[in-house]
Every structure is written in C-alpha cells, then in structure tokens.
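Trainee: sequence and predicted structure below; questions after.
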2 protein chains.
Amino acid sequence: MVRSVVGGITAPLGFAASGISAGIKRSRRPDLSLVVSRQRASAAGVLTENRVQAAPVLISRERLKHGSARAVVINSGCANCLTGPAGMQDALAFSRSVARSLGIPPAELLVASTGVIGQRLPMTRVLKHVPALVAALSRANHRKAAEAILTTDQQVKETAIEAALDGTTFRFGGMAKGAGMIAPSMATMLCVITTDLAIAPRRLQWLLRDATQATFNRITVDGDMSTNDTVFALANGASGVSASAGSRAERLAMKMVHSVADTLARWIVKDGEGATRILEVSVRGARSQAEADDCSRRVAFSPLVKTMLAGADPNIGRVAAAVGSSTARFDPQRLEIYLGKVRVVARGIALTAQNSVARKLLLRPEVSLLINLHAGNASSSMLTCDLTEGYVKINARYRT
Amino acid sequence: MVRSVVGGITAPLGFAASGISAGIKRSRRPDLSLVVSRQRASAAGVLTENRVQAAPVLISRERLKHGSARAVVINSGCANCLTGPAGMQDALAFSRSVARSLGIPPAELLVASTGVIGQRLPMTRVLKHVPALVAALSRANHRKAAEAILTTDQQVKETAIEAALDGTTFRFGGMAKGAGMIAPSMATMLCVITTDLAIAPRRLQWLLRDATQATFNRITVDGDMSTNDTVFALANGASGVSASAGSRAERLAMKMVHSVADTLARWIVKDGEGATRILEVSVRGARSQAEADDCSRRVAFSPLVKTMLAGADPNIGRVAAAVGSSTARFDPQRLEIYLGKVRVVARGIALTAQNSVARKLLLRPEVSLLINLHAGNASSSMLTCDLTEGYVKINARYRT
C-alpha cells in the first residue's frame, strides 16, 4: 500500500526546494538550503533538549507555537550557537531577509543551523546570497537542498513514499543530516519532513513526536547531544486528502511518518562518522522500561562494544560488562546474549565454541545483538555504529 | 613530612613480592603476581559495582569479611568472568594451590584477575607455575609484581612514600594497572596498597573507600566499568606505628592513602589506551552535588570533547554542548568556561579571539577546563584523557 517514490522533500505536491553555496563553508560546498510550500502548511517540530541552544532553535521554538509555516531555511557550516545576543540578531536578520524575498511574514519561516559552535554567521555573504537561494527554488532541486544541510556526512539523505486512499494519492518526503554527535535525545541532526496531506497542527506535532521517539531518539553515533537538533514537519494539504483525528488517513500517516523517520535515522547511523557497520542492540526481559532503556543505551554507547564491532572481534565480555554497569537489575546467572541467531552467552557463561561463527556475523554490514535479562517483561532497542579510527580522525581534525 | 621512596608495594616493612610468566598471555609476558605479608595484616577492599562480576571478585568479597589477610595473588591475561561455576572452581583451585604453597589458610589469600572476559584460566599451566611464583618472592621483586598485573598498559605503575611519627618511620606502597575500561565507579583497574602501619580493618576500609572515591572513581578513559575492578589494602603493623581511630597517625595515614591512590589514578589516565594528554574537568557553581557530578562526567565522557583534546582544536562548543546535555540546571546566558587560565566562554558567548592562545594550551600534556554554571555552590571534578586513533587501534585489535 505504501511505496517508495523518487523526489525527497518535493515529492509531495506543492513543495519547492533549493540549495546553494554562500561561502559559509570554507570548502565552498553548498551551505544554504530552502524548502517552501506554495500554500500555508501545518507545522510541527521537535527541538533539542540541550540546555545550551542555538539562536535558530530559540527562534523556531517560538514560531512553532503558531502551528503553521510556509518555509524552512537551513544553513550548514555554522551552528550560530554560543553567539549571544549578536548571534540572535544575525539569525533574525537572515530570516527577515529570506521571508522578504519569499514574500511571507517572518513568523511563517522556520530556521535551523548546523556546523561549528561559537562562530558568528558571515552575514554579508549570507545576505548577499538570499536572492539566489530563492531564485533557485524548484521542484527538481530537492537533492540540492538535502546536500546543503550536510556537514561531515558522506552521503545525501533523502527519501519519499506515497500511498492512496479512495483513489487519491498522497506523499511524504524527507531529508536529514547527521553523522557525528548523534544520540538520544536528539543529537546534531536536522530533518525536514514534508507531506501534501492535510492534517491539523496538533495532530501533526503528536505524530512527529511519536515517530521521533521511536527513531531519531533511538540512534547513537557517539553519545553526544547537540545544541542544534531539529526535526520539522510541514503538511500543506495539496493532495486533497485530509487526515482528521482517528481517521484511516491518520493511521496511515502515522505509519508513513515512522517509515520516513526510520529510513533517515538508519541512514544517519550507517553514515556515522567513520562508521563501517551498524549494530542493533535489543534488550528483553528487563524489570522496567527505564531499566530496559538504560541497558540498551549503555551497550550502544560503550566505546569498548563499538570498537569490538570495528575489529569484528566477538569479545562478548565487553557487552556483558556494559549490561552489568547499567541500572538494570538481573541475575547474572540467567544472562543470555545472542549475536544474530547465535547464542554467545547462556546462563551467564560465555559460549566460546561459537567464536568463529560470531566473528563472521560481526563482519556483516548490519549486526544485531539481543540481550535477555530474564528478569521481567520490558524491552528496548538502540541503533549504533562501530567506533573506528576514522571517527577519531574526523573529530580530531574537524574545523582545523 | 611525607616523602617519596623507592620500592613500590614492598617499600613498607614485612612485605615480599614476585611476578612471573605462566603462559596465560600468548605474548609470554609476566601474568602471575603475588604480594605477601610476613605477618597477618588488616585487609580492606573496594570491589566493582558491576552486576556481572568475575569469580575472583566474588571470592575476595567473601574473604574480606574476615578483615585480615596474608597475601594477594593476581593473574593477568584472563579475567575469569562469564565462566560460570567452572570458572569459580578454577579460581578456588588456583587460590588453594597458592595458599598451600605459602602455608596459609585460603581464607587469608585475596585474589584478582584481569584480561579477556569469557575465557577459562589455563589451569594446568597456572597450577604448574605456582611453586615458581612463591619461590621468587623477595623484597626486591616489587617491580616484577607490578609488571605481571598489566594488560594493555604501556607503563609499570608503582609508588611508595614514607613519613615519621615520634621518630619512627612508616610507609605506604602501591601498584596499579589500568589503561582501558576506566570509569567511575571502578573500571578495569586493579590496585594493591600496602603499609607497615598498624590499623584496624574497619578504619582501613574507611580510609580506602574514602581515597577511592576521591581518586579512582574520578577518572575515566572510556566510560566503561569493568567486571573485575579491585582495590586492596593490607596493613601489617611491621613499622611498630599504630593508627588508632582519631589519632595523628590516622590523619597522616589518610593523607598518605589519598596520595598513593592519587598518584596511581593519574598515572592510569596518563597511560590510558592511546592517550597523549590528560584533561582535568572542574565544574563549579552547580545547584547540587549530583548535578555537579553529572556535569563533570558528561564533559569528561564526551567523545567529542576527548577527540577535540586529541586534535588540540579549541572547539569549545563541544564542551558547552556536553554541559548542556547534563542534568545540571543553569542559565545558558551565565555559562562561563576557562581553558587553563584563559576565559573562552563568558556569559554564554564563545570568545573566539582567544582561539590561538587556547590552541597552545590544548597542546600541553595536562590541560584543565573549568566550567562555572553560576547557579549554586556545588562543585565536582573528573580526570580524563584524549581519545585518539591509538585507542581505537588497541581496542579493535585486542585479543585478535
């Protein structure tokens, strides 16, 4: 019923996009990204919970209160964070300039920034490029917009899906950036989801928060949480299909938002800085949800587990050590761990006979780890990537 | 009053030590270590809080209840963890063999293991080497004992200090291993502290716990907590000086245990896997002790902060992001951060003019970071090291 289509954020009707270079990045790669709906759209957003928040986050949080927007503008290369009142002035001036060029009130424009923290936006260059950014808007430019939000990402991340109800087709599209600093809750990641479905702002906010919780908040690259994380959703109703509360359309929309967010979240982990493979950590049999979550996080965050994955060495003791250091209460003599379908720990004892099989499993691009605590009924999962020398290289040298 | 002396764990009177290779490590480097007091000693220990605990940890926890011991035997190369009842039998058989060779009851022998988790001890080889281990005991072999507890450590870590009271000299000695998996509370680290002071077991336990809290529990290499962490202290009274509760001797002893533990803890961080420099993270002005502790840990554990240190790049936004992601409540507009004596964030604004000075400071072998939240009176500190490609290399390849 739901199928993939090409087109990213402009796959839904009534959206246009553009991406250009304004010279914020020294590399001259694209750094300004714009998504516009031709009509007013319901708007929703999930923003970073970090206590230190970038100027655009503060601005968008305020503007989301209206529940509607016409456009999203994003710059990469500069996070505009730790920049004080001057940084706030920069963000407001930039947003006023884009809104004026688009002919919409600034309150209808959502903003986001990603990049180095503690640097001011090069305002002269940025403002000079606003007309070109707006002039480049087209339905064809979705990929350019997706490219212009990247920082240390290796790949452009965009996706689109469609479904039909009573003969009418509607679509969801999305683009994201991630790479480093990815962790619950909401790390340096940006995501814009678009749809031509009609849906009330409150319901859209609820769908987006639910999907974020199940996808973006369950991935980690390095356990860090950024000052700029932002997920936006715009629903412009251009398909003519309306998703009222409790309708079939809303149930389908929920599934589709989850699907778009899940695709992009997995992609972010796969494209994690220096990552060569991804690991799905599932915890079962915990005494409570909080303990299950803490346990899956400890394992997914453990540098020793992540380097084990990088080395494809089934040193399963590292997993047990991470499990045991979590807040989860369990009897170590009942601990059971599976690597893929192979049981590597049974009744608290490492089954080393499985080492050669386990080693082969660890070499796959996607590895799964199931930890059964046999202490209750709660479960939890996390998606992470391996920690490689490449990660260190990227992060020791980023910016220099 | 307190001065350094040579001699490590046998610097105090009445102790002998040895270290030999039993072939547990494939490298044939020393892997059996023994420390013996010629008379019964008060014994204390602080053991891992991980829920998954190695067999020797379970045995020593039980034996420490007596409050006295004659010796400590440690093997490296195999953690004897996740080995179930068979691993427990191995540990008991090994300890019986050593106790018999020494002519002491097994209950008077403390045991510890470090190395790969999930592998059984090669018992034939281990038992065969017990007589040689005991035969090698001498006051001169302290360094060999310190060498035989190492795994991925680069350096042998031992220290000794002495003081005098009313003309009588007494000493404290210590040895430790660390390197990876170092984190509060008690990571893969082993430490043995000896003294020829006479002190009651309960007071010794109190001194040791206090010192551990302030030193070993405030260091991190990679945020992981191991299944085998152990700190032992033996006090045999051979100096003739007695430290009764509340005495001058006890106050001095407290200072000396702290000093020995602090020296070894700093050394562990400096010798962290792949580490090239160390970072002292101090948090001030937090609203509560718990918030101060969480904040200093978040910063010290952050891979982005640790790679920033490796790259000597003053990307101070990463510190602010880590601070903001902690549970500490503060007004971002009052956040102040110092790198050494240079203020790099004032009133929540990054002072980029200081970048070249900051870069130079980050190149020093010891770097300090002071974070003032200006929200209360609680403070906390943590010692960590940089995260380098070397760390990943060591941990991706360890065991293979």
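Mentor: Received, thanks. Numbering: from 1, shown residues only, chains lettered A, B, ... in the order given.
Trainee: in a strand, A:Arg364, correct?
Mentor: No. If the criterion is DSSP: H, G, I helix; E, B strand; the rest coil, then A:Arg364 is coil and not within a strand.
Trainee: wait, what's in contact with the residue of the stretch 201-350 of chain A found nearest chain B?
Mentor: As assessed by C-beta to the nearest C-beta, chain B sits closest to A:Gly317 within the stretch 201-350 of chain A, at 2.1 Å. For every residue, glycine as well, the C-beta is placed using N, CA and C. For A:Gly317, the contact set (C-beta atoms under 8 Å, 6 or more residues apart in numbering or on different chains) comprises A:Ala350, B:Ala79, B:Cys81, B:Leu82, B:Val116, B:Ile117, B:Gly118, B:Thr227.
Trainee: where does pLDDT dip in the stretch 301-400 of chain A?
Mentor: Filtered on pLDDT under 70, the stretch 301-400 of chain A yields the residue ranges A:390-392, A:394-400.
Trainee: redo that, cut-off 90
Mentor: Applying pLDDT under 90 to the stretch 301-400 of chain A picks out residues A:301-318, A:321-322, A:325-326, A:352-366, A:382-400.
Trainee: helices along that one, start to end?
Mentor: For the stretch 301-400 of chain A, the helices defined by DSSP state H, counting those that start in this stretch cover A:303-311, A:317-324, A:355-362, A:389-397.
Trainee: one step back: which one is the residue of the stretch 201-350 of chain A closest to chain B nearest to, not counting chain neighbours?
Mentor: B:Ile117 (2.1 Å; C-beta to C-beta, 6 or more residues apart in numbering or on different chains).
Trainee: number of nearby residues for the one you found?
Mentor: 27 (other C-beta atoms under 10 Å in any protein chain shown).
Trainee: so who does it touch?
Mentor: A:Asn315, A:Ile316, A:Gly317, A:Arg318, A:Ala320, A:Ala321, A:Ala350, B:Ala54, B:Ala79, B:Cys81, B:Leu82, B:Thr227.
Trainee: what do you get if the cut-off is 10 Å, keeping everything else the same?
Mentor: For B:Ile117, the contact set (C-beta atoms under 10 Å, 6 or more residues apart in numbering or on different chains) comprises A:315-321, A:350, B:52, B:54, B:78-83, B:188, B:226-228, B:399.
Trainee: tell me what A:Ala198 is bridged to.
Mentor: Note on A:Ala198: beta-bridge partners A:Ser242, judged by DSSP bridges.
Trainee: can you name the residue of the stretch 101-250 of chain A nearest to chain B?
Mentor: Of the residues in the stretch 101-250 of chain A, the one nearest chain B is A:Ile117, at a distance of 2.1 Å by C-beta to the nearest C-beta.
Trainee: now the phi/psi pair for that residue, please.
Mentor: phi -90, psi 150 (degrees, to the nearest 10).
Trainee: stretch A:29-43: how far from the chain's middle?
Mentor: Distance, stretch centre to chain centre, for stretch A:29-43: 18 Å (C-alpha atoms, centre = their mean, to the nearest Å).
Trainee: quick one: mean pLDDT for stretch A:17-29?
Mentor: The average pLDDT within stretch A:17-29 is 94.
Trainee: now it: buried residues?
Mentor: A:Ala17, A:Ser18, A:Gly19, A:Ile20, A:Ser21, A:Ala22, A:Gly23, A:Ile24, A:Lys25 (16 or more other C-beta atoms under 10 Å in any protein chain shown).
Trainee: pull the most distant pair out of the residues you listed.
Mentor: Using C-beta to C-beta, those span at most 20.2 Å, a distance reached by A:Ala17 and A:Gly23.
Trainee: count the residues that sit near A:Asn377.
Mentor: 11.
Trainee: so A:Ser27 belongs to a helix, correct?
Mentor: No. Judged by three-state DSSP, A:Ser27 forms no part of a helix; its state is coil.
Trainee: residues in contact with it?
Mentor: When contacts are counted by C-beta under 10 Å, 6+ apart, A:Ser27 touches A:Ser21, A:Gly77.
Trainee: next up, phi/psi of it, please.
Mentor: Dihedral angles of A:Ser27 (phi, psi; degrees, to the nearest 10) stand at phi -70, psi -10.
Trainee: may I ask which of the contacts of A:Gly317 has the most neighbours?
Mentor: Of the contacts of A:Gly317, with other C-beta under 10 Å as the count, B:Cys81 tops at 32 neighbours.
Trainee: what about that one, which SS state?
Mentor: For B:Cys81, the assignment made with three-state DSSP gives coil.
Trainee: mind exporting the longest helix along chain A as PDB, just the C-alpha atoms?
Mentor: Longest helix of chain A, by residue count under DSSP state H: helix A:248-270. Extracted C-alpha coordinates of helix A:248-270, given in PDB (Å, rounded to 0.1, in the frame of the first residue of the first chain):
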ATOM      1  CA  ARG A 248      -7.800   5.800   8.400                       C
ATOM      2  CA  ALA A 249      -5.800   8.600   6.700                       C
ATOM      3  CA  GLU A 250      -4.300   9.500  10.100                       C
ATOM      4  CA  ARG A 251      -3.400   5.900  10.900                       C
ATOM      5  CA  LEU A 252      -1.700   5.600   7.500                       C
ATOM      6  CA  ALA A 253       0.000   9.000   8.100                       C
ATOM      7  CA  MET A 254       1.400   7.800  11.400                       C
ATOM      8  CA  LYS A 255       2.900   4.700   9.700                       C
ATOM      9  CA  MET A 256       4.300   6.800   6.900                       C
ATOM     10  CA  VAL A 257       6.000   9.400   9.200                       C
ATOM     11  CA  HIS A 258       7.500   6.500  11.200                       C
ATOM     12  CA  SER A 259       8.700   5.000   7.900                       C
ATOM     13  CA  VAL A 260      10.300   8.200   6.600                       C
ATOM     14  CA  ALA A 261      11.900   8.900  10.000                       C
ATOM     15  CA  ASP A 262      13.100   5.300  10.400                       C
ATOM     16  CA  THR A 263      14.700   5.300   6.900                       C
ATOM     17  CA  LEU A 264      16.500   8.600   7.600                       C
ATOM     18  CA  ALA A 265      17.600   7.500  11.200                       C
ATOM     19  CA  ARG A 266      19.100   4.300  10.000                       C
ATOM     20  CA  TRP A 267      20.900   6.200   7.300                       C
ATOM     21  CA  ILE A 268      22.300   8.600   9.800                       C
ATOM     22  CA  VAL A 269      23.800   5.700  11.800                       C
ATOM     23  CA  LYS A 270      25.200   4.000   8.700                       C
END
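Trainee: cool, thanks, talk later.
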